Each structure stands twice: as C-alpha cells, then as structure tokens.
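In: build me a structure from this.
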Amino acid sequence: MKLGAFSISLAVKDIHKSKEFYETLGFKVFAGDIERNYLIMKNENALIGLFQGMFENNILTFNPGWDENANTLEAFDDVRAIQKHLKANNITMEHEADESTKGPASFVVLDPDGNAVLIDQHV
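Out: Model (predicted):
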C-alpha cells in the first residue's frame with residue numbers, strides 16, 4: 001500500500017514556542033499560517049505539523065498522492081482504496097471517507113494503543 005508523505009501532527013499549547021523549539025532542531029517553516037494556528041515544519045524528509053487548538057492529541061498523518069515536498073505523485077493508492085482494504089481487514093473507522101466521491105478525502109483509524117492515524121488525501 002502506498003500511503004504517501006508521512007508526518008506527525010502535534011497538538012501544541014503555544015505555536016510560537018513550538019516553532020522556535022523545532023527551528024532550534026533544524027526545522028524550517030514549509031507551509032501553514034501561524035496566524036491561523038498551524039504550521040508545517042520540515043527538516044530534510046522529516047515533516048512535523050504544529051496545530052494549536054485544533055485537536056486534543058497527536059496524530060500520525062499520511063498523505064496519499066503527495067511526496068514529502070507536497071509534489072503530486074504520478075501513481076498512488078487512493079484514500080478510498082486504502083480505507084476499503086482496512087475495512088476488509090476488520091479495522092474500525094473512527095471517521096470515514098465517502099467512497100462514492102473522487103479526489104480529496106480523509107479517514108481516521110486508531111492503532112491498537114489508541115493513537116489516531118489520519119489518511120488525508122489532498123489530490
């Protein structure tokens with residue numbers, strides 16, 4: 001299965017302090033809007049999303065159709081195909097993508113330890 005770019009989406013208390021911390025680790029702002037309380041930080045192939053006030057817990061995020069530079073991939077597994085595969089393997093959906101649509105969509109599953117995994121397709 002091709003899940004695309006991977007990042008961790010962090011629920012942060014103070015986006016300015018978090019930005020400064022991750023910049024000290026060598027990350028640079030790649031995308032987002034600090035005024036809207038979210039940034040995507042990048043260090044080589046590593047991506048970290050900083051989100052203040054948007055969700056309670058950290059989330060593992062995969063973006064089918066994108067590489068780590070947000071370039072569209074020629075070949076990728078559509079989010080709905082990934083969802084169907086997981087459902088066929090008895091993985092319970094916390095939030096489902098509408099399988100009658102095409103293009104951007106997302107779904108969420110929980111791993112065995114309760115960590116949220118977001119499959120978020122933008123193309």
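
In: distance check, the spatially most central residue of the chain against residue 90.
Out: Nearest to the mean C-alpha position of the chain, by C-alpha atoms, centre = their mean, lies residue 61 at 2.7 Å. As judged by C-beta to C-beta, to the nearest Å, residue 61 and residue 90 stand 23 Å apart. All C-beta spots, glycine's among them, are computed from the backbone N, C-alpha and C.

In: mind checking the backbone torsions on the residue nearest to the centre of the chain?
Out: With angles defined as degrees, to the nearest 10, residue 61 sits at phi -120, psi 130.

In: swap in the one 3 residues further on?
Out: Its backbone dihedrals place residue 64 at phi -60, psi 140, with angles given as degrees, to the nearest 10.

In: check residue 3 too.
Out: In terms of degrees, to the nearest 10, the main-chain angles of residue 3 are phi -90, psi -10.

In: distance of residue 79 from residue 103?
Out: For residue 79, the distance to residue 103 equals 9 Å [C-beta to C-beta].

In: intersection of neighbour lists for the two?
Out: The contact sets of residue 79 and residue 103 overlap at residue 121 (C-beta atoms under 8 Å, 6 or more residues apart in numbering).

In: ok, the two, which is more surrounded?
Out: Counted by other C-beta atoms under 10 Å, residue 79 and residue 103 do not tie: residue 79 has more neighbours, with 27 against 10.

In: now that one: how far from residue 111?
Out: Using C-beta to C-beta, residue 79 is found at 18 Å from residue 111.
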